[in-house]
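Trainee: I would like to see how this sequence folds:
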Amino acid sequence: MEAILFLVHPNDLETLIIQAETPQDVLESSSLQQSLYLGDAWQSLHELLQLPDLVKPVLSWVIQAEHLLSARNVGKAVSYNTVVRAAEIYHVLQNIHVDEVKKHYQFSNVITALQAQTQELKLAELKLIYLQLQDLYRDAAQRNMAVLSVIQDGIKPAKLI
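Mentor: Got it, this is the predicted structure:
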């Protein structure tokens, strides 16, 4: 499973709730704004943000958003955080430094000499994604935008930058 997050204006979110019938309808919507492609690394980052000394209730909705977009055909693949929830998440994320994410990753993964290079690359990817996640939620809070989450197999970003 891969994940991608989008910023969306609240009025456009309402339109998607009413009109979208499949996750692909959401992905092809012209109302989606800034995006962050997390790929399959989202699961590792999500687990790191659930560790005991980081746990804040809103962190469970950072990637797998709080509200399902629709109970219709869209299913559980698409969810969203309201403008208010996105701002709450931003305030929590800004207080968690990337070094804490690194510390938790290193603590939760026993690294052998054979795995060292692979684990270092994975850690670098997670740190980068975490910083981008902080930026996305900062932009959502500053622009009063909702955050839309799509988690499914086969997501391919239209462009990387």
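
Trainee: so what pLDDT did Lys122 get?
Mentor: Looking at Lys122, its pLDDT stands at 83.

Trainee: helix or strand for Ile96, which one?
Mentor: Using DSSP states H and E, Ile96 sits within no helix or strand.

Trainee: what pLDDT does the residue nearest the centre of the chain get?
Mentor: With distances taken as CA atoms, centre = their mean, the residue of the chain nearest its centroid is Ile63 (3.2 Å). Ile63 is assigned a pLDDT of 88 by the prediction.

Trainee: Leu114 now?
Mentor: Reported pLDDT for Leu114: 61.

Trainee: ok, now Val101?
Mentor: Looking at Val101, the pLDDT reads 78.

Trainee: now Gly75
Mentor: 66.

Trainee: Also Leu54?
Mentor: Looking at Leu54, its pLDDT reads 60.

Trainee: Averaging pLDDT per element, find the lowest-scoring helix or strand in this structure.
Mentor: helix 98-108 (a mean of 74; mean pLDDT, DSSP states H and E).
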